[in-house]
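*Asks:* Below is the sequence, then the predicted model.
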Amino acid sequence: MEKKNFFRYLFDFIVIVLGISVSFWFNQVSIKSNDEKDRMRVLSNIEMEVVELKNYCNDRLTTWNQDIKIYDEFLSDELNIEALSSITTSKSRIEYNLIYYRDFEPPMNRYNSLINSGDIRYIKSEKIKELLTRLHTFNLSNIKTTVAYEKALKEQLIALMTSAHSEVFIAGNNNYKGLESYADLLFQAIDDNPRLKANLLVQMKYFKTRVYLLNQYIYVLEELETELALVKSPA
């Protein structure tokens, strides 16, 4: 009788242990499955943001290269109206170059959300983590530094232009002044004023540095895009 009870208790014990083990195994499978879904969701979000970033950067690159071409025309030995007109036919576009600085605020809402929510932990690839860090800290910081320097130079330029060449700003707001007469007036002001020309030459250096840094940013962005495709592809 005791032997029967022993085997019955042993059987019950084995059943309980097996039940717990199976339950634990199913729980682990479920956790892994949910983690994998979260991982793919996070990677998909980053992929979508990469597309937005590329569109933003390509637009910025086009605009910044146009800024350089406009400055090239006004800093050349002789103004070429035809070449200038092929870049822009707007006085306000030229004036924008002189007065305003161009900020750099790439779309990072998804990345910031992943950081704030802690969902960034679902990224297992160290390479992707490294690229994200480079992109959103080091590369971004470098571009923003050139923007800050340009802003300071613009403030000096505006002060110089309003005091020494106010006629250029007045011509910019005169609807009877066309692009050619406005451009001639600005070109002459730059040619006659070494301080003004020096300011624009320094700005040009920042323009070119900024374009170089943006190309580096885009390069890292393309690396990230490639790595995401590799990580998401089936083994």
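*Replies:* Received the coordinates, thanks.

*Asks:* Please point out which parts of the strand or helix carrying Leu98 sit buried.
*Replies:* Per DSSP states H and E: Leu98 is located in helix 91-99. Within helix 91-99, the residues that count as buried by 16 or more other C-beta atoms under 10 Å are Lys91, Ile94, Glu95, Tyr96, Asn97, Leu98. C-beta: built from backbone N, CA, C; applies to glycine.

*Asks:* Just send those residues back as TSV, with distance to Ile170 and pLDDT too.
*Replies:* Putting the buried residues of helix 91-99 into TSV (distance: C-beta to C-beta, whole Å; pLDDT from 0 to 100) gives the following:
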residue	distance to Ile170	pLDDT
Lys91	12	91
Ile94	14	92
Glu95	11	91
Tyr96	17	90
Asn97	18	88
Leu98	14	86
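
*Asks:* In TSV: those, plus distance to Asn193.
*Replies:* Formatted as TSV, these follow (distance: C-beta to C-beta, whole Å):
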residue	distance to Asn193
Lys91	20
Ile94	17
Glu95	17
Tyr96	20
Asn97	17
Leu98	13
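
*Asks:* and which of the residues you listed is nearest Ile115?
*Replies:* Nearest to Ile115 among the buried residues of helix 91-99, counting by C-beta to C-beta, is Tyr96 at 34.0 Å.

*Asks:* Now the helix or strand encompassing Glu225: buried residues?
*Replies:* Element membership for Glu225 (DSSP H and E) is helix 194-232. Judged by neighbour count using 16+ other C-beta under 10 Å, the buried positions of helix 194-232 are 196, 199-200, 203-204, 206-211, 213-214, 216-218, 220-221, 223-225, 227-228.

*Asks:* Likewise for stretch 160-168?
*Replies:* Using 16+ other C-beta under 10 Å as the test for burial, stretch 160-168 gives Met161, His165, Val168.
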